[in-house]
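K.L.:
Got a predicted structure here, sequence first:
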Amino acid sequence: MPHDAPSAPPAPAPATTAARLRDLVAEFLRRHDPAGDPVAFLRARFDAGLAWIQHPVGRGGLAAPPELQPVVEEAFARAGAPDNQPRRNGIGLGMAAPTLLRHGTAAQLDRWLRPLWTGEEIWCQLFSEPEAGSDLAGLTTRAVRDGAQWVVDGQKVWTSMAHRARWAILLARTSPDAPKHRGITYFVCDMTAPGVLVRPLRQLTGEAEFNEVFLTGVRLPDGHRLGAVDDGWRIARTTLMNERVAIGGRPLPREGGMIGPLARTWRERPELRTPGLHEEVLRSWVRAEAARLTALRLRQQLAAGEPGPEGSAVKLAFAELSQQISGLELELLGAEGLRHDDWTMRRPEETDLLGRTATYRYLRARGNSIEGGTSEILRNIIAERVLGLPTEPRVDR
């Protein structure tokens, strides 16, 4: 896909306020019709610095305070402007973009940032392997240097949206004799390259949102390497910490997320209510609201810098709440909740927990405690890096 964005070096931005942002959006809308070509509109929005406003000028932003991003989003939403369909490209927006911005070269940012934000190019994550899930640093996919290229061989698994992705963030072992955390290099992989094979993994829901990916003699130019050779684990930690905030800390309105369908059913179907369930629904609502506000506060605190281990707590709470609330919704609906809308094998365009049946939500939520770091691993991170509890020594970190 061609990329025609002008290469612009980052530059300082003038002081930005909410009022100034509203004026900038209003001026932009006078020059660009939100009812026109959505891709052209989104490209222009990125070039105007109204995509990620906290990013540098020339990188989709205005170097503005990140807490003002909702001002921009609300103004565009009121105008009926197209969005970049974030559910289709959650890995690109929530994980690849912050990693690229922190560790990428100017040429890499020029090539990848804008089509990523506009949704023209979907991204996936080639991290987990059949024998290296929770122990990610145990991966065995190899990358061997061949002049100005790298030749990659291996297998990845549980790759969300690989069947729709144009690019992938990839971890591969480049020094097999080094301690496992020190012999990994971080790459961007072209998912259309010869030797990339994507196969669906059918889930409990009936669909194949996940995939397994086989890499056989895949050639990557050295310009697709992020950071130094064998320094991939440090860069991967940027991705993983952003992943946990992206999964568990997404900005939501009140009663957004899993609690929304449960609350609506409770209000609209009084015949389903029982005294015992009343207390359970109330407790779930309070926990969901507390988790939402905690995630919002964490995003505001960390938006100016790299997310820390606190994101693990947000993601852990998200997984547990999603499973508990979806189970409670089934209990409330009784036999009616066991009806699944569609068991047809399909490969979705996006992940949508809320647009399907209660049964779908219940089944899909089982994966929340695995994807983005298992709940067991996240508890270890919280214990060691947030609470400061003792840990066993690990000489290879």
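P.N.:
Ah, there it is. Just so it is clear, the model here is predicted, and its values are computed rather than measured.
K.L.:
Okay, domains of this protein per the record?
P.N.:
Here the domain parsing of the chain from automatic domain parsing is 1-83, 123-232, 235-386.
K.L.:
For the ones you listed, please prepare JSON lines with the additional fields mean neighbour count and distance to residue 96.
P.N.:
Every C-beta, even on glycine, is put in place using the N, C-alpha and C of the backbone. Below are the domains of the chain laid out as JSON lines (neighbours: other C-beta atoms under 10 Å; distance: least, C-beta to C-beta, whole Å):
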{"stretch": "domain 1-83", "mean neighbour count": "16", "distance to residue 96": "13"}
{"stretch": "domain 123-232", "mean neighbour count": "19", "distance to residue 96": "5"}
{"stretch": "domain 235-386", "mean neighbour count": "17", "distance to residue 96": "8"}
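K.L.:
Kindly present those domains as a markdown table, with separate columns for mean pLDDT and distance to residue 115.
P.N.:
Shown next, in a markdown table, are these (pLDDT from 0 to 100; distance: least, C-beta to C-beta, whole Å):
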| stretch | mean pLDDT | distance to residue 115 |
| --- | --- | --- |
| domain 1-83 | 85 | 6 |
| domain 123-232 | 95 | 8 |
| domain 235-386 | 82 | 17 |
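K.L.:
So for residue 100, which of those domains sits nearest?
P.N.:
domain 123-232 (7.3 Å; C-beta to C-beta).
K.L.:
a markdown table for the domains of the chain, including distance to residue 108?
P.N.:
Conversion of the domains of the chain to a markdown table gives the following (distance: least, C-beta to C-beta, whole Å):
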| stretch | distance to residue 108 |
| --- | --- |
| domain 1-83 | 11 |
| domain 123-232 | 7 |
| domain 235-386 | 12 |
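K.L.:
Please identify which of these is closest to residue 104.
P.N.:
Using C-beta to C-beta, the domains of the chain put domain 123-232 closest to residue 104, at 6.1 Å.
K.L.:
So for the closest one, first residue to last residue, what's the gap.
P.N.:
18 Å (C-alpha to C-alpha, to the nearest Å).
K.L.:
chain center to it, what's the gap?
P.N.:
Distance of domain 123-232 from the chain centroid (C-alpha atoms, centre = their mean, to the nearest Å) equals 17 Å.
K.L.:
hmm, back to that, I'd like to know which of the domains of the chain is closest to residue 117.
P.N.:
Closest to residue 117 of the domains of the chain is domain 1-83 (C-beta to C-beta; 5.0 Å).
K.L.:
chain center to the closest one: distance?
P.N.:
21 Å.
K.L.:
And for stretch 375-388?
P.N.:
Worked out by C-alpha atoms, centre = their mean, stretch 375-388 lies 21 Å from the chain centre.
K.L.:
First-to-last residue distance for that stretch?
P.N.:
Stretch 375-388 has an end-to-end distance of 18 Å (C-alpha to C-alpha).
K.L.:
Check stretch 380-390 too.
P.N.:
Taking C-alpha to C-alpha, stretch 380-390 runs 10 Å from one end to the other.
K.L.:
same deal with stretch 158-171?
P.N.:
First-to-last residue span, stretch 158-171, C-alpha to C-alpha: 14 Å.
K.L.:
Equivalent analysis for stretch 369-380, please.
P.N.:
14 Å.
K.L.:
so where do the strands sit in the stretch 51-200 of the chain?
P.N.:
Taking DSSP state E, counting those that start in this stretch as the test, the strands found in the stretch 51-200 of the chain are 123-126, 142-146, 149-156, 167-173, 184-190, 196-201.
K.L.:
can I get these in CSV with distance to residue 29?
P.N.:
Listed next are those as CSV, based on distance: least, C-beta to C-beta, whole Å:
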stretch, distance to residue 29
strand 123-126, 29
strand 142-146, 46
strand 149-156, 42
strand 167-173, 31
strand 184-190, 34
strand 196-201, 39
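K.L.:
The ones you listed: which one's closest to residue 222?
P.N.:
strand 149-156 (6.6 Å).
K.L.:
hmm, who's touching the closest one?
P.N.:
With contact meaning C-beta atoms under 8 Å, 6 or more residues apart in numbering, strand 149-156 is reached by 126-130, 139-145, 170, 172, 174, 187, 189, 195, 212-222, 224-225.
K.L.:
who does it pair up with?
P.N.:
Using DSSP bridges, strand 149-156 pairs in its sheet with strand 142-146 (antiparallel), strand 210-221 (antiparallel).
K.L.:
now the angle from that strand to strand 184-190?
P.N.:
Calculated by axes from the mean of the first three to the mean of the last three C-alpha atoms, to 10 degrees, strand 149-156 forms an angle of 90 degrees with strand 184-190.
K.L.:
packing partners for the longest helix anywhere in the chain?
P.N.:
Using DSSP state H to define each element, the chain has its longest helix at helix 275-302. Judged by 3 or more C-beta pairs under 8 Å, 6 or more residues apart in numbering; DSSP states H and E, helix 275-302 is in contact with helix 232-248, helix 259-268, helix 310-333.
K.L.:
what's the closest non-adjacent residue to residue 332?
P.N.:
In this structure, residue 332 finds its nearest non-sequential neighbour in residue 272, 5.4 Å apart by C-beta to C-beta, 6 or more residues apart in numbering.
K.L.:
could the helices and strands packed on helix 275-302 go into a markdown table alongside distance to residue 120?
P.N.:
Output for the helices and strands packed on helix 275-302, formatted as a markdown table (distance: least, C-beta to C-beta, whole Å):
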| stretch | distance to residue 120 |
| --- | --- |
| helix 232-248 | 20 |
| helix 259-268 | 30 |
| helix 310-333 | 28 |
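K.L.:
To residue 202, which of these lies closest?
P.N.:
Closest to residue 202 of those is helix 310-333 (C-beta to C-beta; 20.0 Å).
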